[in-house]
Every structure is written in C-alpha cells, then in structure tokens.
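> pasting the structure only:
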C-alpha cells in the first residue's frame, strides 16, 4: 500500500522527530554528566543547549536536578520542549533563537550540541558565530560538548551516504531514511534527503523533506576551533559515549564529540 506523501519540514512535526531522535537518549544523558564531572572543576548546576529542538535531553537533565535552558529556530519544537518541561514541573526555559547569534542573561556551567545540529550552520561566519556565542554564554572553566559527523579527508564529488532506522513508542512507529542527495566540495555543503514513514493505528503517511548541512573534515574542525581562542580542545570521543575511552581523530574518523573548555 502506497503512503500519502506530505512535503513539509521535519522539525514542524516534533512528536515524530522526538521519537526518531529521542529514543536512544540514555548514553548521551550519562555522557553529558560524566563530561561535567571529569572536565569541569566546579560543580555543574546550569546547562544550556543551543539548537535544542524538542529538548530530548534537556528535560531528562532537568529531572536530574540541573537548571536547563536552550534555544531553537523552530517555534513548534520550542513549544513542544516547553510543554514537556512544564508537564514535569520545570520552568519553560526554551526560547526561539538563532544558535549562531544569541545572548544569555546569566552564564551557564556547560553546554551541549550532540549530533549534527551544528552542521545546519552552512557558512564559516555562522559556525564561528556559534562558537563565540556559546563561549560568551559559558563561565570560565566550563565546557561545550559538540558532536558531529566528519567527512573523510579524501571524499570526492561522488560522495554518498545513507542511513535507515526505525523507532517505536506505544502504537506509534516511524521508519526513517536519510541520504546524501548532492555534495558540493567548493562550498562544503551537502543536500540531505529525509523521509519519515509514520504508522499509527488509524493512519499511515510519509513526510518528505530536505536540509543542507555544512561539511567538515578533521582539518576543517581544527582550523575552526583555532578561530575562536576562547576555547581549548581538551578531549575527543566517538558516538559510543564512553568517558573512559577517548579517541584520536585522524583523516578517516567520521563520528566525533569535541570537548571544548572555556579559557
């Protein structure tokens, strides 16, 4: 049976987005806390998430006793995040805002941006702005946990990538596919296609969307971090999120979590 197709922004469907990207939260949740304990000398009480989306980790950290806040460009995601925080007895601290151009009223002890949200910033100016804004929002000695996929150094015009996975919660199931549609080495941008196949007891449909990511190699990230001297790189990990097993990033490494500390 063919699915009804809806052409829309995935981020406008926070319930489905949260299921797809929020089911596997525990390893990241533990890792954020482990990093705070290992790399910040003072107790971490306040944590910020730029590009927080549905706040899949924010509300878990709030439940654990942290003061949390975040921002995101999508109003529907922010509303979803705040309603969930309020439902669990927390302040609705997510705001609509640009992760490359924001300020905070009171500085935080740590920040995190775990999987590729950073890559939505498609220019070097925006990327630098992001690192500078986060640095300004963090106390001296605080950390920023930044996770993203890198491209191998020898990637060419024929670069292709594809992922598929499923997530289920109760009677709701979403099958997700994402793939590289176009890669432009000169601009370091990649057009990504997304589909959500959504199955509920009463209906089935597909949401189709595209988004553009900026591409980074190991060298690109090294150069970017140097442009924002407020940060020092203290450690690197992969997406296994094992605090006792840091990695050495080479030209073939693809999944990296950078631990940056505010000087």
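That came in fine, so what should we check first? Keep in mind that this is a model prediction, so the values were computed, not measured.

> gap between the nearest residue to residue 206 once chain neighbours are set aside and residue 246?
Counting by Cβ to Cβ, 6 or more residues apart in numbering, the nearest residue to residue 206 once its immediate chain neighbours are dropped is residue 3, at 4.2 Å. Placement of C-beta: from N, CA and C, glycine included. Distance from residue 3 to residue 246, counting by Cβ to Cβ, to the nearest Å: 43 Å.

> Go ahead and confirm the residue nearest to residue 206 touches residue 203.
No: counting by Cβ atoms under 8 Å, residue 3 stays clear of residue 203, with 9.7 Å between them.

> Could you check which of those two is surrounded by more residues?
For residue 3 against residue 203, the residue with the higher neighbour count under other Cβ atoms under 10 Å is residue 3, and the figures read 14 against 9.

> Show the contacting residues for that one.
Under the criterion of Cβ atoms under 8 Å, 6 or more residues apart in numbering, the neighbours of residue 3 are 197, 204-206.

> Swap in 10 Å and give it another go.
With Cβ atoms under 10 Å, 6 or more residues apart in numbering as the criterion, the residues that contact residue 3 are 195, 197-199, 203-207.

> Which pair of these spans the longest distance?
Pairwise distances across those (Cβ to Cβ) peak at 16.3 Å, for the pair 195 and 203.

> Give me the distance from stretch 212-221 to the chain's centre.
For stretch 212-221, the separation from the chain centroid amounts to 15 Å (computed by Cα atoms, centre = their mean, to the nearest Å).

> what does stretch 248-263 give?
Its chain's C-alpha centre lies 15 Å from the corresponding centre of stretch 248-263 when counted by Cα atoms, centre = their mean.

> Can you give me the end-to-end span of that stretch?
End-to-end distance for stretch 248-263, by Cα to Cα, to the nearest Å: 22 Å.

> need the contact list for the residue lying closest to residue 11 once chain neighbours are set aside.
Nearest non-adjacent residue to residue 11, counting by Cβ to Cβ, 6+ apart: residue 74, 4.3 Å away. Applying Cβ under 10 Å, 6+ apart to residue 74 gives the contacts 9-12, 14, 17, 51-54, 80-81, 96.

> Just the closest of those to residue 262, please.
Proximity of the contacts of residue 74 to residue 262 (Cβ to Cβ) peaks at residue 51, which lies at 18.9 Å.

> which residues touch that closest one?
Residue 51 makes contact with 70-74, 77, 97-100, 113-114, 116-118, 120-121, 130 under the criterion Cβ under 10 Å, 6+ apart.

> how far away is residue 3 from residue 194?
For residue 3, the distance to residue 194 equals 14 Å [Cβ to Cβ].
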